[in-house]
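Asks: What follows is a predicted protein model with its sequence.
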Amino acid sequence: MSSNIVGIDLGTTFSSIASLDAVGKPEIIATLDGGRLTPSVVFFPQDEVGKTYVGEIARDMLITQSSRGVEEIKKHMGNPQYVKRIDGQSYNPEQISSFILRKMIGDAEEIKGAIDSAVITVPANFPESARRATMDAGALADITVSHIINEPTAAALHYASVQSVAGTIMVYDLGGGIF
């Protein structure tokens, strides 16, 4: 019995999801919109209480209704004081991140089939509270988070999987929003 495990970069600005192909090489899973990245944006439409939009459509809706959405939630992971209030409902960073994860997992499952678990990357300087919050976001999105790994570690692992490595390599994480 094989399992379907994905790697997720839950980014500040954009997020992406990847899996291993038939020969074990990592590859990005396209979104249902046809892109390789999902904007890390959540929008709460006024006329559809309880519904959320994530990604491109959410980013587009923020142009005219910026108070109804959230961007760069990753900067608030692990902060119990951060709350976004919309239509009398309060959302913490874990809940908002779970909407992004659900969208990404849903897109991936349409292409790859059921996803069993995920490895999620975080900045190397993320405190333990933010790492825990990231795992909690996965649980809220109904995905088993098997590991949290540092983004530079993920970059080094990918590089080593596609290149012959003899010696020492340096990985610089310049990030999109946490830099």
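Replies: Here it is on my side, so go on.
Asks: so who does Ala139 touch?
Replies: Applying C-beta atoms under 8 Å, 6 or more residues apart in numbering to Ala139 gives the contacts Val145. (Glycine included, C-beta is placed from N, CA and C.)
Asks: secondary structure element for it?
Replies: Element membership of Ala139, judged by DSSP states H and E, is helix 128-140.
Asks: Give me the mean pLDDT for the following helix or strand past that helix.
Replies: Later in the chain than helix 128-140, the nearest helix or strand by DSSP H and E is strand 144-150. Mean per-residue pLDDT for strand 144-150: 95.
Asks: What residues does Lys25 make contact with?
Replies: Lys25 touches Ser161, Val162, counting by C-beta under 8 Å, 6+ apart.
Asks: low pLDDT regions in the chain?
Replies: Flagging of the chain using pLDDT under 70 yields the residue ranges 1-3, 173, 175-179.
Asks: ok and the helix holding Ala139 relative to strand 144-150, angle-wise?
Replies: 150 degrees (axes from the mean of the first three to the mean of the last three C-alpha atoms, to 10 degrees).
Asks: Measure how far helix 128-140 is from the centre of its chain, please.
Replies: Taking C-alpha atoms, centre = their mean, to the nearest Å, one finds the center of helix 128-140 at 11 Å from the center of the full chain.
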